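Student: Show me the folded form of this:
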Amino acid sequence: MNRNIIPIVSIVGRSNSGKTTLIERLIPALNRLGYRIATIKHNLHGFEIDHKGKDSWRHKQAGAQLTVIASPGKVALIEDTPRDYGIAELCDRYVRDVDLILLEGFKGNSYPKIEVYRPEIHSEMLCGKEDNLFAVVADKDIPLNVPRFRKEDSNEIAGLIEELFLKSR
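Tutor: Numbering: from 1, shown residues only. Prediction:
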């Protein structure tokens, strides 16, 4: 599948707002509707999946720029990158055979967004309609002209995503 035809929905919100929890609930709801989902999580602080002493770590230490770890049930790729790749480049390089891509952690992107907002923790939202915001997940009413859901409304949110981005494909 070409990235240009795979819809992308960005889940945004401030730290500890519940973005990951929403994604954890949306994936099975979208799976039940018959869709295959990819996620891309951006982490400005870096991460490690390759631990000191493990064979793949030793391969990287020996100078491999790319290491693939394969088993009967999954494959992982560890690759040195010259810079922080953008969303389009990540999709082109790594995402295929899915119906939808959910993003987490790319706050300033131009893709359609659902914001997870907790007014008891943060006084202001990150996005408005001008930021391609199409829904908000919050426990209180929000003075925006977009649908509002509660955090437990994952089936309804999945239905909205299906209606807006998947049915027309």
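
Student: Any idea which residue is closest to the centre of this structure?
Tutor: Nearest residue to the geometric centre of the chain (Cα atoms, centre = their mean): Leu103, 2.2 Å.

Student: Would you indicate which residues of the lengthiest helix in the chain are buried?
Tutor: Secondary structure assigned by DSSP state H gives helix 19-32 as the longest helix of the chain. Buried residues in helix 19-32, counted by 16 or more other Cβ atoms under 10 Å: 19-20, 22-23, 25-27, 29-30. C-beta here means a position set from N, CA and C on the backbone, and glycine is covered the same way.

Student: hey, where'd the helices end up in this protein?
Tutor: Secondary structure of the chain (DSSP H): helices at 19-32, 55-61, 87-94, 154-161.

Student: In JSON lines: the ones you listed, plus distance to Ile78 and mean pLDDT.
Tutor: Converted to JSON lines, the helices of the chain look like this (distance: least, Cβ to Cβ, whole Å; pLDDT from 0 to 100):
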{"stretch": "helix 19-32", "distance to Ile78": "22", "mean pLDDT": "97"}
{"stretch": "helix 55-61", "distance to Ile78": "6", "mean pLDDT": "82"}
{"stretch": "helix 87-94", "distance to Ile78": "12", "mean pLDDT": "92"}
{"stretch": "helix 154-161", "distance to Ile78": "31", "mean pLDDT": "98"}
